[in-house]
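Novice: build me a model:
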Amino acid sequence: MTWTVIAVLIVVGLIFIILEILVIPGHAVFGILGFIMMTIGIWQAYSVYGSTAGHCTLAATGLLTIIILYFSLRSKTWKKIMLKSEVKSKVNVIDKKKVKVGDTGKTVSKLSTIGKALINGEFYEVHTLGEFIDEETEIIVVKINFNKIIVKPKK
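Specialist: Residues are numbered from 1 along each chain as shown. The predicted structure is shown next:
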């Protein structure tokens, strides 16, 4: 086994361990695979190149692991790639003067309990009473609960 294969095993194992810690915690699959890959890489260094090379590989792997964990767990590292914008929009703000019970409109999208509709010239997110309503269907407002407009097909 060449040094390239040993290095790849150790680096990929370390990447799997970092993924386990930071991205997909709780499953332990990637952490265990990473640990196994790193162990195989170190073991191969001992068996193929002798104890001196194995000790150097073990020390380098330990030092590399500590350095990468230190830099990946620092908060400044993640601030560089963190999303800094704020969402300032509101969910379905309903003006009681514009939409009232009994108003009619037309669905813009298919309503599979929730969808978009055009009521009195404005687009709103609307809910049904559990039924499916196709696109371009005439609807009537049945009820308004806080920010929910409940509709049914107009017959």
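Novice: which residues in this structure form helices?
Specialist: 3-22, 29-49, 51-73, 75-79 (DSSP state H).
Novice: pick out the shakiest of those, pLDDT-wise.
Specialist: Comparing mean pLDDT across those, the weakest is helix 75-79, with a mean of 72.
Novice: ok, and what's touching that helix?
Specialist: For helix 75-79, the surrounding residues in contact (Cβ atoms under 8 Å, 6 or more residues apart in numbering) are Phe71. All C-beta spots, glycine's among them, are computed from the backbone N, C-alpha and C.
Novice: let's see the pLDDT reported for Ser112.
Specialist: With respect to pLDDT, Ser112 has a value of 87.
Novice: find the nearest non-adjacent residue to it, please.
Specialist: Closest residue to Ser112 apart from its sequence neighbours, by Cβ to Cβ, 6 or more residues apart in numbering: Phe132 at 5.2 Å.
Novice: turn the helices of the chain into a markdown table, including distance to Asn145 and mean neighbour count.
Specialist: Shown next, in a markdown table, are the helices of the chain (distance: least, Cβ to Cβ, whole Å; neighbours: other Cβ atoms under 10 Å):
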| stretch | distance to Asn145 | mean neighbour count |
| --- | --- | --- |
| helix 3-22 | 41 | 17 |
| helix 29-49 | 44 | 17 |
| helix 51-73 | 45 | 13 |
| helix 75-79 | 40 | 9 |
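Novice: adding distance to Thr107, write the ones you listed out as TSV.
Specialist: Formatted as TSV, those follow (distance: least, Cβ to Cβ, whole Å):
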stretch	distance to Thr107
helix 3-22	43
helix 29-49	44
helix 51-73	48
helix 75-79	42
